[in-house]
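Undergrad: just a sequence and a predicted model for now, questions to come.
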Amino acid sequence: MVYVSNIITAAIAFPFVAIILTVPLLVYHYHRYGSLTILRSVILYSFMFYLVAAYCLIILPLPPRSVVAHLTTPRYNLVPFTFVREFINSTHFVWTEPSSYLTTLKQAATIQPLFNIFLTVPFGIYLRYFFKTSFKQTLLLSFTLSLFFELTQLSGLYGIYPRPYRLFDVDDLLLNISGGLLGFYLQPLVTFFLPTRESLDQAAYARGQKVGYFRRLLALAVDYCVLGIITFAIAVIWRLLKLPTIHSEMLQYCLATGAYFLMLPVFWRGKTPGQSLLQLQIVADHHPRWAIFWRQLLLFFIVIPSFQLWRVTLDAAVASGQQHFDVYLFIIGLSLLPPLLFTGNFLLSWVTKRPQLFYEKLTHTRVISSIHPTQQP
């Protein structure tokens, strides 16, 4: 029941831990292949869940500090195969009496070694199936994982407890390594009905060659985050140096956007940091630098600002009161026209699955995937 309780605890903690552990892996795979298949995501999530569950099984339940402070039990065992002697001395196993088998399986001297073996069997399966590790790599990684668990116990949960509340046992290292290697050999049988890692990569790569709007918008969001960090850092340095402040928001926008979205792609082979992360690239049919320059100029100095134009006009109309209200109303209608036309163009190209908007057609540019088959493992 304790083991089940620990797994439930891991299930509760998993969504929060997954944000820290799984998202970077998903970002890495999205960067490498340009897409994420559902099965790949499920495998990565399940792998992280397994690690969290294994960790919880090792450290839980947590005893009170006062109880641990008064423990006099040994802190470690460095004698290999102690579990064999304990099995022989404390179990009721008799080879010639099958009736003793079930009783023996229920005893601690049997359960504990089996637990340490089965704890790392999934680790070996994941390593060989998804991460394509060799026998030696699986051996080393299984040892590393087991050593991490044992040192966690020896350190008293990283110093939280005044002394270890569980035994550092060399037998656990041996049994965990055995479990990892057992998983390595069981992997072909366990994953028989699953697609191979190579087929997963091929499917992700094939999807990654198709550049959709979600991927482009995600790259744009990354770019705005990066630009925000850069402009904030520059503003702090600017203030520390007590340089003259630029009060014009329009001038600030032109300088920041012009440097980041206009000049950077021109001189960096049609890429921004966000597009580089998402493996995207702007290409042109002819005169690439000029074509990219005009594309970015249309997008960031006409299309995107047009979404703010109607709001500025509305603010001016409200400030003027009733004076020239009809004129302002007409201007507001005109200012709404570019965003509506762009939205219509976007929806039409999305429905027809032709992700090339009007400013790209005018400049003879398009966004392609920069992933090449040689980048695959």
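TA: Nice, I can see it. Numbers count the residues shown, from 1 in each chain.
Undergrad: residues contacting the nearest residue to Ser35 once chain neighbours are set aside?
TA: Of all residues not flanking Ser35 in the chain, Arg207 sits nearest, at 3.7 Å (Cβ to Cβ, 6 or more residues apart in numbering). No exception for glycine: its C-beta is placed from N, CA and C like everyone else's. Applying Cβ atoms under 8 Å, 6 or more residues apart in numbering, we find Arg207 in contact with 33-35, 37.
Undergrad: what two of those residues have the greatest distance between them?
TA: Gly34 and Thr37 (11.4 Å; Cβ to Cβ).
Undergrad: quick one: which of those two has more around it?
TA: Gly34 (24 against 17; other Cβ atoms under 10 Å).
Undergrad: tally of neighbours for the nearest residue in space to the more buried one that is not next to it in sequence?
TA: In space, Gly34 comes closest to Gly208 once its chain neighbours are excluded; the distance is 2.4 Å by Cβ to Cβ, 6+ apart. Around Gly208 sit 23 other residues, with neighbours defined as other Cβ under 10 Å.
Undergrad: Gly208 and Leu220, how far apart?
TA: Using Cβ to Cβ, to the nearest Å, Gly208 is found at 18 Å from Leu220.
Undergrad: same check, this time on Ile371
TA: From Ile371 to Leu220 the distance is 19 Å (Cβ to Cβ).
Undergrad: before we move on, what about Phe148?
TA: Counting by Cβ to Cβ, the separation of Phe148 from Leu220 is 40 Å.
Undergrad: those two - which one has more neighbours?
TA: For Phe148 versus Leu220, the count of surrounding residues by other Cβ under 10 Å is larger for Leu220: 19 against 12.
Undergrad: excluding sequence neighbours, find me the nearest residue to that one.
TA: Gly274 (6.3 Å).
Undergrad: what average pLDDT does the helix or strand hosting that neighbour get?
TA: Element membership of Gly274, judged by DSSP states H and E, is helix 273-277. Helix 273-277 carries an average pLDDT of 91.
Undergrad: helices or strands up against it?
TA: Helix 273-277 sits against helix 213-240, with contacts defined as 3 or more Cβ pairs under 8 Å, 6 or more residues apart in numbering; DSSP states H and E.
Undergrad: can you pull the buried residues of the helix it packs on?
TA: 215-216, 218-220, 222-223, 227, 231 (16 or more other Cβ atoms under 10 Å).
Undergrad: and after it, which helix or strand comes next?
TA: Immediately after helix 213-240, counting by DSSP H and E, sits helix 249-257.
Undergrad: that following helix packs against which elements?
TA: On a contact count with 3+ Cβ pairs under 8 Å, 6+ apart, helix 249-257 meets helix 213-240.
Undergrad: who's in contact with the residue lying closest to Val79 once chain neighbours are set aside?
TA: Once flanking residues are discounted, Val79 sits nearest to Val170: 7.1 Å by Cβ to Cβ, 6+ apart. Listed by Cβ under 8 Å, 6+ apart, the contact partners of Val170 are 77-80.
Undergrad: among these, name the buried ones.
TA: Buried among the contacts of Val170 by 16+ other Cβ under 10 Å: none.
Undergrad: for Gly34 and Thr37, list the residues in contact with both.
TA: Residues touching both Gly34 and Thr37 (Cβ under 8 Å, 6+ apart) are 204, 207.
Undergrad: what segments of the chain are strands?
TA: 76-77, 168-169, 280-284, 365-369 (DSSP state E).
Undergrad: list the helices and strands the second one packs on?
TA: Counting contacts by 3+ Cβ pairs under 8 Å, 6+ apart, strand 168-169 packs against strand 76-77, helix 135-154.
Undergrad: tell me which of these sits nearest to Leu336.
TA: That would be helix 135-154 among the helices and strands packed on strand 168-169, by Cβ to Cβ, at 59.0 Å.
Undergrad: could you dump the contacts of Arg207 into JSON lines with pLDDT added?
TA: Below are these laid out as JSON lines (pLDDT from 0 to 100):
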{"residue": "Tyr33", "pLDDT": "81"}
{"residue": "Gly34", "pLDDT": "78"}
{"residue": "Ser35", "pLDDT": "79"}
{"residue": "Thr37", "pLDDT": "83"}
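Undergrad: which of those residues lies closest to Phe301?
TA: Gly34 (28.6 Å).
Undergrad: can you pull the pLDDT of Val81?
TA: Rather than Val, residue 81 is Phe. On pLDDT, Phe81 comes in at 86.
Undergrad: domain ranges for the protein?
TA: Domains of the chain are assigned by automatic domain parsing as 1-61, 70-203, 209-375.
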